[in-house]
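1. Structure, please.
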Amino acid sequence: MDTNTLRQLLENVANGKITTEDATNKLKDLPFENLGFAHVDHHRALRTGYPEVIFCQGKSKEQVYEIAKRIHAKQTPVLATRACKDIGQQLVNQFELTEYDEVARTVFIPGPNTPKHVGRVLVVSAGTSDLPIAREALVTAHAMGSNVESIYDVGVAGIHRLLAYREKLNSATVVVVVAGMEGALASVVGGLVNVPVIAVPTSIGYGANLGGLSALLTMLNSCASGVTVVNIDNGFGGGFAAAMINNQSDHKGI
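-> All right, here's what the predicted structure looks like:
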């Protein structure tokens with residue numbers, strides 16, 4: 001339940017459109033609902049502006065479905081990350097209008113209170129191999145109410161590819177840069193734009209990439225101001241942070 005829904009519920013009680021008993025039933029699961037295997041945080045949208053997101057890795061498809069069902073029942077959108085094909089297909093079969101992105105391993109189930117899209121989050125990936133993480137960031141930002149665009153495979157080995165998109169880079173409110181190998185792309189982009197850059201290191205690379213550690217350290221040591229770094233392969237975290245910045249910005253009619 002988000003702030004607008006709660007406000008409408010209280011107004012309906014005040015206007016006599018629903019009884020206090022009905023309102024109590026709607027609020028009984030605040031702030032959380034105990035499913036035995038999970039405590040579903042229905043209060044999160046009130047605190048942070050966006051409902052709880054389901055991290056599917058390590059959960060059974062039955063557990064994911066039960067959590068999704070309880071969140072969806074509150075008329076809020078559902079986002080699930082790291083969803084395998086079996087989980088994605090189950091949710092597609094159970095909920096209308098469900099969007100399963102097999103590359104991003106995400107599932108998005110829209111609800112009546114799906115946020116209006118504003119601003120512009122641009123997701124840039126260094127290589128095609130970084131696409132799963134880049135797509136995860138893009139889906140997350142879009143689910144949180146941001147307009148999103150993408151530029152893929154523009155790493156520093158062919159810097160002219162990135163420079164061909166200067167206009168798109170300069171039109172973004174926030175840029176998410178996803179890169180493996182040595183992770184240099186985030187510094188390059190940070191030196192080209194006047195907006196926040198969220199750097200997402202990936203575990204893509206040869207042995208000395210050390211599972212993304214080399215890219216992480218490069219991004220943390222960036223000489224470009226305005227570059228903030230999330231954890232290795234954390235496209236969700238990068239997209240979430242970008243959307244929070246974007247959604248709080250003055251978009252001047254965008």
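2. hey, let's count contacts and neighbours off CA atoms from now on
-> Noted.
3. now the helices for the stretch 1-150 of the chain?
-> Shown for the stretch 1-150 of the chain, the helices assigned by DSSP state H, counting those that start in this stretch span residues 3-14, 20-27, 44-48, 61-73, 85-94, 131-143.
4. Figure out how far the shortest one is from the centre of its chain.
-> How far helix 44-48 lies from its chain's middle: 15 Å, per CA atoms, centre = their mean, to the nearest Å.
5. Check the gap between residue 171 and residue 121 for me.
-> 9 Å (CA to CA, to the nearest Å).
6. re earlier: could I get the helices of the stretch 1-150 of the chain in CSV, plus columns for distance to residue 193 and mean pLDDT?
-> As requested, those are exported to CSV (distance: least, CA to CA, whole Å; pLDDT from 0 to 100):
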stretch, distance to residue 193, mean pLDDT
helix 3-14, 34, 76
helix 20-27, 45, 72
helix 44-48, 28, 77
helix 61-73, 38, 90
helix 85-94, 36, 93
helix 131-143, 19, 95
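7. Packed most tightly, which of those helices would that be?
-> Mean neighbour count (mean count of other CA atoms under 10 Å) peaks for helix 131-143 among the helices of the stretch 1-150 of the chain, with a mean of 27.
8. Give me the contact list for it.
-> Defining contact as CA atoms under 8 Å, 6 or more residues apart in numbering, one finds that helix 131-143 is touched by 77, 79, 81, 103-106, 108, 114-115, 117, 121, 123-125, 147-150, 152, 176, 178, 202, 233-240, 242-243.
9. Drop anything exposed from the residues you listed.
-> 77, 79, 81, 104-106, 108, 114-115, 117, 121, 123-125, 147-148, 150, 152, 176, 178, 202, 233-240, 242-243 (16 or more other CA atoms under 10 Å).
10. about what we covered before: could you list which of the contacts of helix 131-143 belong to strands?
-> Judged by DSSP state E, the subset of these located in strands is 79, 81, 106, 108, 121, 123-125, 147-150, 176, 178.
11. which one of the residues you listed is nearest residue 7?
-> Residue 7 lies nearest to residue 79 out of the ones in strands among the contacts of helix 131-143, by CA to CA, at 23.5 Å.
12. these two touch, right, that closest one and residue 109?
-> Yes: counting by CA atoms under 8 Å, residue 109 is a contact partner of residue 79 at 6.5 Å.
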